[in-house]
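[1] Generate a structure from the sequence data that follows.
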Amino acid sequence: MVTHALDAVDLVKTYPAGRKKPPLRALDGLTFSVPEGIVLGLLGPNGAGKSTTVKILTTLSRADSGTARVAGHDVVREQDQVRHAIGFVPQKSSSDPMATGVENLVLSGRIYGLSRVNAVRRATELLERFGLTEFGDRQVKTYSGGMQRKLDVALGLVHRPQVLFLDEPTTGLDPEARADLWNEVGRLSGDEGLTVLLTTHYLEEADRLAGQLAIVDHGKIVAEGTPEALKAELRGDSVHVELVDPDLDGTVRALLSGLAGVGEIVVEGNALRARVDRGATAVPAVLGALEDKAIPVTAVTVSRPSLDDVYLQYTGRSFRAVEEEAA
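    Now for the predicted structure:
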């Protein structure tokens, strides 16, 4: 029998109307479950409902309807048990910038009921684990962005939680610091069997870390599975064409729709995407058709299905395009 560390069933959350803004339905029947020891990636663009889900599961907000359990505890009726069972790393750093790394960790341990001796011992362990030992006596305000995020994760682990929530943990980090934190998250799950719920809008991050992936769109889970399984559902290759001019009148879409073996055509501005049976034979046909109509092209690439293609398959929109709209 599989034991679930997280269960959410038909979660609904609507935020009331504001000045000149209609009510916002942030969650619309969101449902998922996570076995113990798994990294679940909640992948979706900004505004999809990821952070609202985390707030409900960590008892910081309450759903309008639906149920949720964390580590076997109901998030409404057993809030204290849930809070002791989880670690939570919010989007913004939760550490005190004027205190040292050691002081932050010891204070967190004391809040969770550790004796001072045990809190100091745990702080020492965590600083060593995250490579921060030599910086432990420095004020956090002197830390780099990557060091601060490592300390934030360490703070979430002080009391040895059963489930760790990471809400957009690498936003704003440079590529090196992001990769470093990815390695730490991978070790937490792989070496310690910790269940992790990770919200992210980075496709690469979800692909790299998630043992199980749930794609969120408009407050619902629209696809769920391992990243590899979701990509494997899409047969053939993905063709990406950069046009010189946007396809404003639908000429390009209509032209390619008539080609054999070309389907799922999406044109967004100057970017054209299509699913083809075989990239090697489809690209010459696509370029030839465009050339016959004097439609200039700046670049063309062929790739195996990606998570962006999976998102497109289930929502009808490119993930990157949705992100750009939200920005």
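[2] show me where the stretch 1-150 of the chain has helices.
    Applying DSSP state H, counting those that start in this stretch to the stretch 1-150 of the chain gives helices spanning 50-57, 79-85, 101-111, 116-129, 145-157.
[3] could those be laid out in CSV, adding distance to Gly44?
    C-betas here are computed from N, CA, C, even on glycine. CSV is the format used below for the helices of the stretch 1-150 of the chain (distance: least, Cβ to Cβ, whole Å):
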stretch, distance to Gly44
helix 50-57, 5
helix 79-85, 23
helix 101-111, 30
helix 116-129, 30
helix 145-157, 21
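[4] Tell me which of those helices lies nearest to Tyr15.
    helix 50-57 (8.4 Å; Cβ to Cβ).
[5] contacts for that closest one?
    6, 8, 11, 13, 26-27, 30, 42, 44, 60-63, 68, 70, 75, 86, 88, 91, 165, 167-168, 197, 199-201, 216, 219 (Cβ atoms under 8 Å, 6 or more residues apart in numbering).
[6] burial of the closest residue to Gln81 other than its chain neighbours, as a residue count?
    Closest residue to Gln81 apart from its sequence neighbours, by Cβ to Cβ, 6 or more residues apart in numbering: His73 at 4.2 Å. By other Cβ atoms under 10 Å, 20 other residues sit near His73.
[7] same deal with the one 5 residues further on?
    Using other Cβ under 10 Å, the number of residues around Glu78 comes to 17.
[8] where does it land on pLDDT?
    At Glu78, the model reports a pLDDT of 97.
[9] Give me the subset of the contacts of helix 50-57 that lies in strands.
    6, 8, 11, 13, 26-27, 30, 42, 68, 70, 86, 88, 165, 167, 197, 199-200, 216 (DSSP state E).
[10] Could I get the contacting residues of Gly263?
    Gly263 neighbours (Cβ under 8 Å, 6+ apart): 274-276.
[11] which secondary structure element contains it?
    strand 262-268 (DSSP states H and E).
[12] Name every strand pairing with that strand and say which way it goes.
    Here strand 262-268 has these sheet partners by DSSP bridges: strand 271-276 (antiparallel).
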